[in-house]
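My questions are about this predicted structure, shown below with the sequence.
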Amino acid sequence: MTFRPSIFDRALLAVAPVSGLRRLHARAAAAEFLRAYDGASRDRRLKNWRADASGPRAEGDSARELLRYRARDLERNNKTVRSAKLQFQGQTVGAGITPRAVGANKTLRKKANEAWKRFVDTCDMDGQQDYYGLLSMTAGAMFIDGEALHHWVDAGNRKWAKIRVLEVDHLDETRTGLLNGGTDFTADGIKFDINGQRRGYWIYETHPGENNLLTRKPSLSRLVAADDIDHFFHVGRPGQIRGISWLAPSIISLRGLDDVTEAIIWRKRIEACLSLIIRSPEAQGAAPVIGAQSTDDKGRREEAMAPGKMVRLGPGEDVTPFTPSTSGDTIEFMRMQLYAFCATAGLAYHEVTGDASQANYSSMRAAKIAGYALMDMVQWLTLAPRIKSAWRRVMAAEWAASGVDLRAVSCELAMPVRPWVDPLKDIMAKVLEIRAGLQAHPDALAERGINSEDFVPEVENWLKLVDASGLIFDTDPRKVNDSGALQAATKAQASSAGGADAQATN
C-alpha cells in the first residue's frame, strides 16, 4: 500500500513542522520496513524510477503522437524496422485472411461467396488493391503507428461498397469534451454515448500533414458514424480506446543501434586511412606539401579526409600513428538488442535480419512457434472481428442491391498458411492431423485460400478426364499407394483389360 500523509500529519506540519517531519519520516520508514515486495521499495536503487497510476487513456495521450512520428522515421531509415514491418504484414495477413460462408443453405452460401469475391476485387476507393491488399497495408500501419482506420463509403449499396484506408492522423484528437449536456462525450476524436459505446469519429477529409501542399489551409473535421468506421488497434489495457506503436518499447534501443552502426562505419573509414599526427617542437623550415591542404581557424594545415591524411601542427616532425580502438563485443551486443526487439514484435530474429548463422532446425522452429502465438493473437483478436464486420456489411449491401437476403449467412476465417522449416515434415504432420480427425478437409483447404465447394467439383472433373484417357499418375491415391506401387484393384483391372485385349486380337 502506498504511503500517504494523513489529515493529522498535515495539520501537525502546519503547527509544528519539525515534529511533523519526524512523524512523517518515522511513518515512511515503518512502511518500508513492513513492505513485502522489493520491487515496491523506494531505496537508492529505485528512487529514480518514475511510475504513476495513469489510466489507459492518459498513459497514451502524452506520448502517442511523438511515438508515432519517431516510429515512422525509423521505418523510413532503419533497415531492421523496415524488414520487421514487412515480416509483420506477411505473417499476419500474408496473401489474405479468407472468409468462407457457412450455413445449411448451399444456394445462399454460394451467393454469399460470390458477393464477397466481387467486393474483394472492387472495394479499394483508389482502385489500386483488393481487400486483402488493403488489409496488409492496415497491418503495416498498426505495426508502425499502432492503429489505422477503414472508412466505408456508402456501404449500403453494393456498387458503392468502397473503403478508404486512413492513417490515424485523420482522427481529430483535439475533439475532446462533453456533448449534449453531458449525455455524450468525445475523447481523442472518438464520440461515445453515456454508456461508453462508440457513436462516431471526427475525421479530417485530408491528411493534416498534406494540408499546406494540397489545400493551403487546414481542413475541418466532420463527424462520421461509428458504423462506417473500422478502427484497427490492439487492446492492451481494459478501457483503452486508441493504439500505441508496436515499436514503443524498442525505440530508444533501435535509435541507439543506429548510432552504434554509424560509429562502426566511421571507424572503418578511419582504419582505411594512413593517419598521422605530425608535431613540431621547434621550427626547422616549412613542411613539405604532400597533397591538397586547408588551414583551420588556428592556422594549422590539414588535409582532406582520405587515405594518407595528415594533420600538421607546424614544421619539425614527431610522427605518431593514429589507430582507432575497437570493441570486441560490439556484434554480440547488437545481436542481443535485435533479439529483444524481435521478441517484442513476435518475429524470428533470422526472419528480420536475414542472419541464420546462429540458428539450426530446432532453434528456428522454436522461434517460429513463439512468434506464431503472438501472430495468432493479432489475427484472431484484432483483425478477425473487423473482417467479420466487413463480411456483415457486404452481405447487407448485397441484400439492399439485389434483394437476396444474405444477412443471416455467417462466415469462417481461414488464416494464411504458415510455412515451416521442413515442408515435407509439415505435409506429413498435416496428413496425420486430418487422419486423426483434428482438422477437417475444408479447413485445411481454406488455410491455402481454397474453397472446398469449388475444389471438390474441380477434382471430380479432373479425375474423370484422367480415367477417360487411361493415364495413371503417381499422385492418384485411388490407384497408387504411398510407396508408388499400384493398388490391388488397379492391378486386377489392368490385368483383365489386358486379357480382353488379347482375346479380341485372337
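Structure's in. What do you need? Numbering: from 1, shown residues only.

At which residues are the strands of the stretch 251-400 of the chain located?
For the stretch 251-400 of the chain, the strands defined by DSSP state E, counting those that start in this stretch cover 276-278, 293-295, 301-303, 310-312, 319-321.

so where's this structure uncertain?
Low-confidence segments of the chain (pLDDT under 70): 1-3, 31-38, 155-160, 211-218, 273-293, 298, 300-328, 482-506.

The residue nearest to the spatial centre of it is in what secondary structure piece?
Central residue of the chain (CA atoms, centre = their mean): Phe143, 3.5 Å from the mean position. Per DSSP states H and E, Phe143 falls inside helix 131-145.

Which strands and helices lie in contact with whichever helix or strand comes after that helix?
Per DSSP H and E, the first helix or strand lying C-terminal to helix 131-145 is strand 147-153. With contacts defined as 3 or more CB pairs under 8 Å, 6 or more residues apart in numbering; DSSP states H and E, strand 147-153 has these neighbours: helix 131-145, strand 162-167, strand 198-204, strand 229-233, helix 384-402. Quick note: C-beta positions are derived from backbone N, CA and C, even for glycine.

sorry, back to before: state the distance from the residue nearest to the centre of the chain to Val93.
Counting by CB to CB, to the nearest Å, the separation of Phe143 from Val93 is 11 Å.

do the same with Ala14
For Ala14, the distance to Val93 - CB to CB - is 63 Å.

Pick out whichever of those two has more residues nearby.
With neighbours defined as other CB atoms under 10 Å, Ala14 and Val93 compare such that Val93 has more, 24 against 9.

Near Ala11, how many other residues are there?
12.

Which one of the helices and strands packed on strand 147-153 lies nearest to Phe341?
The minimum distance between Phe341 and the helices and strands packed on strand 147-153 falls on helix 131-145, with 12.3 Å, by CB to CB.

Just want the angle from that closest one to helix 384-402.
Put simply, helix 131-145 runs at 140 degrees to helix 384-402, going by axes from the mean of the first three to the mean of the last three CA atoms, to 10 degrees.

quick one: the closest residue to Ile229 other than its chain neighbours from Thr176, how far?
Nearest residue to Ile229 in three dimensions, chain neighbours excluded: Tyr201, at 4.9 Å (CB to CB, 6 or more residues apart in numbering). Taking CB to CB as the measure, Tyr201 and Thr176 are separated by 13 Å.

Same question for Leu471.
Taking CB to CB, one finds Leu471 at 71 Å from Thr176.

Which positions in the lengthiest helix in the chain come out as buried?
The single longest helix within the chain, with elements called by DSSP state H, is helix 251-271. Buried residues in helix 251-271, counted by 16 or more other CB atoms under 10 Å: 251, 254, 257-258.

same deal with stretch 145-155?
If you call a residue buried by 16+ other CB under 10 Å, then stretch 145-155 has these buried ones: 145-152, 155.

distance of Ile97 from Thr80?
As for Ile97, its distance to Thr80 is 26 Å (criterion: CB to CB).

chain center to stretch 221-235: distance?
Relative to its chain's centre, stretch 221-235 lies at 20 Å (CA atoms, centre = their mean, to the nearest Å).

Any idea how far apart the tips of that stretch sit?
25 Å (CA to CA, to the nearest Å).

what's in contact with it?
138, 141-142, 146-153, 155, 172, 175, 189-191, 198-205, 242-243, 246, 378, 381-383, 386, 389-390 (CB atoms under 8 Å, 6 or more residues apart in numbering).

show me the contacts for Ile264.
Thr330.

relative to strand 229-233, how tilted is the helix holding Phe143?
Relative orientation of helix 131-145 and strand 229-233, computed by the same axes, to 10 degrees: 50 degrees.

And the contacts of helix 131-145?
68, 71-72, 75, 84-86, 88-89, 92-97, 119-120, 123-124, 129, 147-148, 150, 163, 165, 167-168, 232-234, 243, 245-247, 345, 378, 382-383, 387, 390.

Is Leu74 in contact with Ile251, as I believe?
Yes - Leu74 sits in contact with Ile251 when judged by CB atoms under 8 Å, with a separation of 7.0 Å.

Leaving out sequence neighbours, find the closest residue to Tyr372.
Arg418 (6.5 Å).

same deal with Val378?
Nearest non-adjacent residue to Val378, counting by CB to CB, 6+ apart: Thr92, 5.1 Å away.

swap in Glu351?
With sequence-adjacent residues excluded and distances taken as CB to CB, 6+ apart, Glu351 is closest to Gln87, at 5.2 Å.

tell me the contacts of the one you found?
By CB under 8 Å, 6+ apart, Gln87 lies in contact with 347, 351-352.

Which of the residues you listed sits closest to Ser362?
Once CB to CB is applied, the member of the contacts of Gln87 that ends up nearest Ser362 is Glu351, at 16.2 Å.

So that closest one versus Cys342, what's the distance?
Counting by CB to CB, the gap from Glu351 to Cys342 is 8 Å.

Ok, Asp73 next?
In terms of CB to CB, Asp73 sits 20 Å off from Cys342.

neighbour-wise, which of these two wins?
Cys342 (23 against 13).

if I read this right, the residue nearest to Val378 contacts Met377, doesn't it?
No - applying CB under 8 Å, one finds Thr92 not in contact with Met377, separated by 9.9 Å.

Just want to know which of the two has more residues nearby.
Between Thr92 and Met377, Thr92 has the larger neighbour count (other CB under 10 Å), namely 26 against 13.

ok, the more buried one - contacts?
139, 375, 378-379, 383.

Who does Val102 form a beta bridge with?
Ser410 (DSSP bridges).

burial of it, as a residue count?
Val102 sits with 12 neighbouring residues when counted by other CB under 10 Å.

Quick check: Leu257 touching Met334?
Yes - Leu257 is within contact range of Met334, at 6.0 Å (criterion: CB under 8 Å).

Between these two, which contacts overlap?
With CB under 8 Å, 6+ apart, Leu257 and Met334 have no common neighbours.

Correct me if wrong: Val81 contacts Ile251.
No - assessed by CB under 8 Å, Val81 is found out of contact with Ile251, at 9.6 Å.

tell me, what's touching those two both at once?
71, 74.

Tell me how far Ala343 lies from Pro385.
For Ala343 relative to Pro385 (CB to CB), the value is 26 Å.

Pick out whichever of the two has more residues nearby.
A direct count of neighbours by other CB under 10 Å for Ala343 and Pro385 places Ala343 higher, at 17 against 12.

Quick check: closest non-adjacent residue to the more buried one.
Nearest residue to Ala343, sequence neighbours excluded (CB to CB, 6+ apart): Ala370, at 7.7 Å.
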